[in-house]
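A.B. asks: sharing a model that was predicted from the sequence below.
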Amino acid sequence: MIIYIDENDENKRLDSYLSEITPELSRSKIQSFIKSGAVKINSEGKKPSYLLKENDKIEYEIPEAEDISIKPQNIKLDIVYEDDNMAVVNKPSGMLTHPTPLEREDTLVNALLYKFGENLSDINGEFRKGILHRLDRNTSGLLMIAKNNKAHEFLAHQIKEHTITKKYRAIVKGVIKEDEFEINSPIGRNPNQPHKMMVREDGKPSKTIVKVVERFKDATYVELTLVTGRTHQIRVHMKSINHSVYNDTLYGAGQGKVKTDEQVLQSYYLRFTKPFGDEIIELGIKPDEKIDKVLKYLRGL
């Protein structure tokens, strides 16, 4: 099996990461495989405590137990675009992008397996078939899916080179005075709370373009363009300027008067080059239920 590490798994211990993707094996068993040389990082042996880096290439020969397979489920998919090599789906809020050791059902990957079967890339392993990039569980919107490994590599290169345009809608706390501006603040993992990210000097360069769409008494409706694509980038950047995303309790917004399942944030626009040529695909979707619900309240409708 060959897996390439993306920024979401950076800084995880090698043994911890392998435990996540092969949960049927004990940590001690995995550590013994690593020490035996059955696991290579960029063609070299590493210790179990090795901290993963973005774009690391993991090659391993750990035997997979029978229950590693993920169950296809007949879950309705909102397919916005599809061709022979890829698809773009509109992921609903509340759905995990891919299974985890603790949650193996009702994810986008379960639905993709039912819809496309084996016609999905497997570069990122069984748990992430077809998955090129992720959205948080409670963030809705557009996600690209690769149907084969060549398409995966073609699209992943665009993601790495930041040539894909990704735009989001959000409602944030407080009134933003500037009409349009950039946030250039490096982002890294929070050392005290590893499940969270934070602005830190030694983090990765991160850039978000913020454009005001509509202002309210104590909130602002914004369009956000990701120039980079760090984990939780929008949520961390907006918190850093004291305008946390509405209902984002993880990053300090708290629950507003309008209750939703966490952050009011939607990936609504994608612009990318179609595999395997130079045709440009542009896709956009309407505001989701959470955004509509909060906007109606704020507008007094």
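C.D. replies: Right, received. Where do you want to start?
A.B. asks: where does the chain dip in pLDDT?
C.D. replies: Along the chain, the parts satisfying pLDDT under 70 run over 23-24, 62-68.
A.B. asks: longest single helix anywhere in it?
C.D. replies: helix 149-160 (DSSP state H).
A.B. asks: ok, then the element right after that one?
C.D. replies: Next along the chain after helix 149-160, taking DSSP states H and E as the criterion, comes strand 165-173.
A.B. asks: and that next one, what's buried?
C.D. replies: 166-173 (16 or more other C-beta atoms under 10 Å). Any C-beta I mention is one placed from the backbone N, CA and C, and that applies to glycine too.
A.B. asks: can you name every helix or strand that the host helix or strand of Leu18 contacts?
C.D. replies: Assessed by DSSP H and E, Leu18 sits inside helix 14-21. Packed against helix 14-21 by the contact rule (3 or more C-beta pairs under 8 Å, 6 or more residues apart in numbering; DSSP states H and E) you find helix 27-36, strand 39-41, strand 57-60.
A.B. asks: contact partners of it?
C.D. replies: 3, 5, 9, 25, 27, 30-31, 33-34, 39, 41, 46-52, 58, 60, 62, 100-101, 125-127 (C-beta atoms under 8 Å, 6 or more residues apart in numbering).
A.B. asks: the closest residue in space to Gly130 that isn't next to it in sequence: what secondary structure?
C.D. replies: In space, and not counting its chain neighbours, Gly130 is closest to Leu120: 3.6 Å by C-beta to C-beta, 6 or more residues apart in numbering. The three-state assignment at Leu120 reads coil, by DSSP: H, G, I helix; E, B strand; the rest coil.
A.B. asks: my guess is Leu120 contacts Leu113, does it?
C.D. replies: Yes: contact criterion C-beta atoms under 8 Å: Leu120 and Leu113 qualify, at 7.2 Å.
A.B. asks: overlap in contacts of those two?
C.D. replies: Residues within reach of Leu120 and of Leu113 at once, by C-beta under 8 Å, 6+ apart, are Lys129.
A.B. asks: want to throw the buried residues of strand 165-173 into JSON lines with distance to Lys290?
C.D. replies: Output for the buried residues of strand 165-173, formatted as JSON lines (distance: C-beta to C-beta, whole Å):
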{"residue": "Lys166", "distance to Lys290": "19"}
{"residue": "Lys167", "distance to Lys290": "17"}
{"residue": "Tyr168", "distance to Lys290": "13"}
{"residue": "Arg169", "distance to Lys290": "10"}
{"residue": "Ala170", "distance to Lys290": "10"}
{"residue": "Ile171", "distance to Lys290": "9"}
{"residue": "Val172", "distance to Lys290": "13"}
{"residue": "Lys173", "distance to Lys290": "15"}
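A.B. asks: hmm, who's touching stretch 40-47?
C.D. replies: Contacts of stretch 40-47 (C-beta under 8 Å, 6+ apart): 14, 34-35, 37, 39, 50, 52, 56-60.
A.B. asks: any idea how far Val227 is from the residue nearest to Leu96 when sequence neighbours are not counted?
C.D. replies: In this structure, Leu96 finds its nearest non-sequential neighbour in Thr107, 4.3 Å apart by C-beta to C-beta, 6+ apart. As judged by C-beta to C-beta, to the nearest Å, Thr107 and Val227 stand 28 Å apart.
A.B. asks: one more: Glu82?
C.D. replies: With C-beta to C-beta as the criterion, Glu82 and Val227 are 27 Å apart.
A.B. asks: and Leu295, by the same measure?
C.D. replies: Distance, Leu295 to Val227, using C-beta to C-beta: 26 Å.
A.B. asks: the two: who's more crowded?
C.D. replies: Leu295 (20 against 16; other C-beta atoms under 10 Å).
A.B. asks: what about the residue nearest to Leu96, how many residues nearby?
C.D. replies: Residues near Thr107, counting by other C-beta under 10 Å, number 24.
A.B. asks: show the contacting residues for it.
C.D. replies: 95-99.
A.B. asks: same list (the residues you listed) but as TSV, adding distance to Glu180 and secondary structure.
C.D. replies: Converted to TSV, the contacts of Thr107 look like this (distance: C-beta to C-beta, whole Å; DSSP: H, G, I helix; E, B strand; the rest coil):
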residue	distance to Glu180	secondary structure
Met95	32	coil
Leu96	33	coil
Thr97	30	coil
His98	34	coil
Pro99	39	coil
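A.B. asks: how far off centre is stretch 151-170?
C.D. replies: 12 Å (C-alpha atoms, centre = their mean, to the nearest Å).
A.B. asks: swap in stretch 170-184?
C.D. replies: Using C-alpha atoms, centre = their mean, the offset of stretch 170-184 from its chain centre is 22 Å.
A.B. asks: could you export it as CSV, CA atoms only?
C.D. replies: What follows is stretch 170-184, C-alpha atoms only, in CSV (Å, rounded to 0.1, in the frame of the first residue of the first chain):
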residue,chain,number,x,y,z
ALA,A,170,-19.9,32.2,5.9
ILE,A,171,-21.7,34.3,8.5
VAL,A,172,-19.3,35.6,11.1
LYS,A,173,-19.8,37.3,14.4
GLY,A,174,-19.4,41.1,14.6
VAL,A,175,-19.5,43.8,12.0
ILE,A,176,-16.5,43.8,9.5
LYS,A,177,-15.8,47.4,8.4
GLU,A,178,-13.5,46.8,5.4
ASP,A,179,-15.2,45.7,2.2
GLU,A,180,-12.4,43.4,1.1
PHE,A,181,-9.0,42.4,2.6
GLU,A,182,-6.5,39.6,3.0
ILE,A,183,-5.5,37.6,6.0
ASN,A,184,-1.9,36.5,5.8
